[in-house]
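S.K.: I'll drop the sequence and a predicted model, then ask my questions.
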Amino acid sequence: MSNHKYAAEFREEAVRQVLERGYSVKEVADNLGVSRHSLYKWVREAKPRPQKHKDEELLEAKREVLKLRAELRRVQEERDILKKAAAYFAREPE
């Protein structure tokens, strides 16, 4: 069992070939001269953890909903003020 240290850029490119370009792990491992075990490990480490990723997405969505609700309240208040002002100035004779 050999202990090769590969550069981060090399590992990232190998993973990119598997995940983004659709090559099989066997093909990439054979072409680059790395063990399939190592490449499988790199690919697994590169993939986001599903639950953690979903939790982060939910938190971000909740933040956005809260922000949009606050913005909607502000815009509705502004609209109501403008309606009242328009009605007031429409009534006042000059």
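M.R.: Noted; the coordinates are in hand.
S.K.: how long is stretch 21-28 from one end to the other?
M.R.: 11 Å (Cα to Cα, to the nearest Å).
S.K.: Please renumber the chain so that the first residue is 52 from this point on.
M.R.: All set: I'll call the first residue 52, so the last point we hit is now stretch 72-79.
S.K.: For that stretch, buried residues please.
M.R.: Buried positions in stretch 72-79, judged by neighbour count with 16 or more other Cβ atoms under 10 Å: 76, 79. To be clear about C-beta, it is placed using only N, CA and C from the backbone, and glycine gets the same treatment.
S.K.: Run the chain-centre distance for it.
M.R.: Offset of stretch 72-79 from its chain centre (Cα atoms, centre = their mean, to the nearest Å): 25 Å.
S.K.: One more: stretch 77-88?
M.R.: The answer for stretch 77-88 is 29 Å, by Cα atoms, centre = their mean.
S.K.: same thing with stretch 74-92?
M.R.: On Cα atoms, centre = their mean, the centre of stretch 74-92 falls 27 Å from the chain's centre.
S.K.: and the helix or strand hosting residue 134, what does it pack onto?
M.R.: Element membership of residue 134 [criterion: DSSP states H and E] is helix 101-142. Taking 3 or more Cβ pairs under 8 Å, 6 or more residues apart in numbering; DSSP states H and E as contact, there are no helices or strands that helix 101-142 lies on.
S.K.: and this protein, what are its domains?
M.R.: Here the domain assignment for the chain is 59-97, 101-145, based on automatic domain parsing.
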